[in-house]
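Asks: Coordinates only, no sequence provided:
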Ligand SMILES: C[S@@+](CC[C@H](N)C(=O)[O-])C[C@H]1O[C@@H](n2cnc3c(N)ncnc32)[C@H](O)[C@@H]1O
């Protein structure tokens, strides 16, 4: 049995409202720095202050975290930084055509450690293909986690995704400790760069590789 009609109607209503709100907040064309799972907003508010010429958008599922992040924006009087409560993939889908990302930051995403929950992880081949359609050659994804197995899984994806390649380890454009980074005894970081390969059409199959036992770079 598929989802009930009233559930589908609620989802459609939510998407329509999100589309309208985003069209007003971020009119196209625009090139964004996007942070997914922005939490309390420590990273993106600092980033926006450091790079006032860049337009920044943070998204998180939890309303209290979005409220805290917005308070930081107000206190620092940042006109180039916005936070929206939404599910990240729904937000990306609802952004106006013509809104692109030059950088995408994913810092300490939920690791979903149990094997049967891995399907809930954000960083999967289909996700990299989806964002490839909004990111031009040279655009970057910055990923950091304290979960070694999640890191190795993402690291191992890249030879199989033509639209992205791993960049050799280098200093990040900004280091700002987040709430979860402060709690982590150690962590792993990677940067992926958009290649010139055309993005796949939505829904195209991507091969999922097996996970190597070890290949991490620890910070
Ligand atoms: C482990 S916390 C990390 C928060 C912050 N990046 C940090 O380092 O302190 C993960 C965050 O991602 C958010 N999140 C999880 N899944 C999400 C999704 N699908 N869309 C948007 N936000 C999501 C959670 O609500 C949570 O705030």
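Replies: Arrived safely. Computed from a prediction, not measured in an experiment: that's the story for all the values here.

Asks: ok, for the most centrally placed residue in the chain, nearest residue in space, not its chain neighbours?
Replies: With distances taken as C-alpha atoms, centre = their mean, residue 36 lies nearest the centre of the chain, 3.6 Å away. Distances taken as C-beta to C-beta, 6 or more residues apart in numbering put residue 88 closest to residue 36, at 4.4 Å, once the chain neighbours are dropped. (Each C-beta comes from the backbone N, C-alpha and C, glycine too.)

Asks: State the number of residues packed around the one you found.
Replies: When neighbours are defined as other C-beta atoms under 10 Å, residue 88 has 22 of them.

Asks: likewise residue 160?
Replies: Neighbour count for residue 160, taken as other C-beta under 10 Å: 13.

Asks: Pairing partners for the biggest strand by length in the chain, with directions?
Replies: The strand that spans the most residues within the chain, counting by DSSP state E, is strand 99-107. Here strand 99-107 is paired, per DSSP bridges, with strand 30-36 (parallel), strand 140-145 (parallel).

Asks: Next one, pLDDT for residue 218 please.
Replies: What the model reports for residue 218 is a pLDDT of 39.

Asks: Could I get the full set of strands for the chain?
Replies: For the chain, strands defined by DSSP E occupy the ranges 30-36, 55-60, 81-85, 99-107, 140-145, 164-166, 188-194.

Asks: Need the phi and psi values for the closest residue in space to residue 184 that isn't next to it in sequence.
Replies: Leaving aside its chain neighbours, residue 184 sits nearest to residue 146 (3.7 Å; criterion: C-beta to C-beta, 6+ apart). Here is the backbone geometry of residue 146 (degrees, to the nearest 10): phi -100, psi 10.

Asks: Any idea how many residues pack against residue 146?
Replies: Residue 146 has 18 nearby residues by other C-beta under 10 Å.

Asks: That one: what's it in contact with?
Replies: Shown in contact with residue 146 (C-beta atoms under 8 Å, 6 or more residues apart in numbering): 108, 180, 181, 184, 185, 186, 187, 188.

Asks: close enough to count as contact, the residue nearest to residue 36 and residue 122?
Replies: Yes: using C-beta atoms under 8 Å, residue 88 is in contact with residue 122, at 6.5 Å.

Asks: Can you check which residues contact both of these two?
Replies: Common neighbours of residue 88 and residue 122 (criterion: C-beta under 8 Å, 6+ apart): 36, 37.

Asks: which helix is the longest one in the chain?
Replies: Criterion DSSP state H: the longest helix present in the chain is helix 5-25.

Asks: which residues touch that helix?
Replies: 82, 84, 86, 90, 91, 93, 94, 95, 96, 99.

Asks: Please name the nearest non-neighbouring residue to the third one.
Replies: Leaving aside its chain neighbours, residue 86 sits nearest to residue 59 (5.4 Å; criterion: C-beta to C-beta, 6+ apart).
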